[in-house]
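Trainee: what would the 3D arrangement of this be:
(2 chains)
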Amino acid sequence: DVKVTQSSRYLVKRTGEKVFLECVQDMDHENMFWYRQDPGLGLRLIYFSYDVKMKEKGDIPEGYSVSREKKERFSLILESASTNQTSMYLCASSAKTGLGYYGYTFGSGTRLTVV
Amino acid sequence: KNEVEQSPQNLTAQEGEFITINCSYSVGISALHWLQQHPGGGIVSLFMLSSGKKKHGRLIATINIQEKHSSLHITASHPRDSAVYICAVEGGSQGNLIFGKGTKLSVKP
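Mentor: Below is the predicted model:
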């Protein structure tokens, strides 16, 4: 069964800590994404990557960075966690289907609380 | 104005009822996705469609490209259908998704 695996379901971190959220996919997908999901705001794109060592800013990149050293792994880094980064974080991967559009697979999410 | 609008935002139904969730979008798309998220859970892809209609079990998704509108129907609803249903459209050269804010469905026994 193909999947996107996020390393933690729940995390509690202190303000100012450096936080790493890990995402691994086993489908050989080129594209990987990090979103955050907040009540009333829906899913918002933080960063994405179309290839190894390549990254692009999404709609809300401030306070975050990413790393993609291997095709299967895409890491989200909170350089100095703040309480306004308390959220649900979702990773996804995609690849073009034979029908001309992209098939997406989502991870189970990491609920991060910054105290 | 959001590029992807869903209605209703919240929906409560009795078990067995027929349910419709709507999605309208204002951008050009290559495909539309319907996603499901159970409370506290991750997101599951239900449908990807670029035209016409798709059916999977009790779920039916339709899209009208000319009217820029899609509907998700659930027949014979069940409490386990209680979830947030999210519409997302795929646009741009790399297929990035633009999400609606979701419809929270609660099915009462």
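
Trainee: chain A against chain B: which residues are in contact?
Mentor: Residues of chain A lying close to chain B by Cβ under 8 Å from any Cβ of the partner chain are A:31, A:33, A:40-43, A:45, A:48, A:50, A:90, A:92, A:94, A:96-97, A:99-109. For the C-beta atoms, the positions are set from N, CA and C on the backbone; glycine is no exception.

Trainee: what about those residues, which are in strands?
Mentor: A:31, A:33, A:42-43, A:45, A:48, A:90, A:92, A:94, A:96, A:102-106 (DSSP state E).

Trainee: mind giving me the ChimeraX select for the residues of chain A next to chain B, buried ones only?
Mentor: Here is the ChimeraX command that selects the buried residues among these (16 or more other Cβ atoms under 10 Å in any protein chain shown):
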select /A:31,33,42,43,45,48,90,92,94,101,102,103,104,105,106,107,108,109
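
Trainee: helices or strands up against the longest strand anywhere in chain B?
Mentor: The longest strand of chain B (DSSP E) is strand B:83-91. Packing contacts for strand B:83-91, counted by 3 or more Cβ pairs under 8 Å, 6 or more residues apart in numbering or on different chains; DSSP states H and E, involve strand A:42-49, strand B:4-7, strand B:19-25, strand B:31-37, strand B:69-74, strand B:96-99, strand B:103-108.

Trainee: could you rerun that using 7 Å?
Mentor: Here strand B:83-91 touches strand B:4-7, strand B:19-25, strand B:31-37, strand B:96-99, strand B:103-108, going by 3 or more Cβ pairs under 7 Å, 6 or more residues apart in numbering or on different chains; DSSP states H and E.

Trainee: quick one: strands adjacent to it?
Mentor: Sheet pairing for strand B:83-91, assigned by DSSP bridges, gives strand B:31-37 (antiparallel), strand B:96-99 (antiparallel), strand B:103-108 (antiparallel).

Trainee: contacts for the last one?
Mentor: Right, the one you point to is strand B:103-108. B:6, B:8-15, B:19, B:21, B:77-79, B:81-85 (Cβ atoms under 7 Å, 6 or more residues apart in numbering or on different chains).
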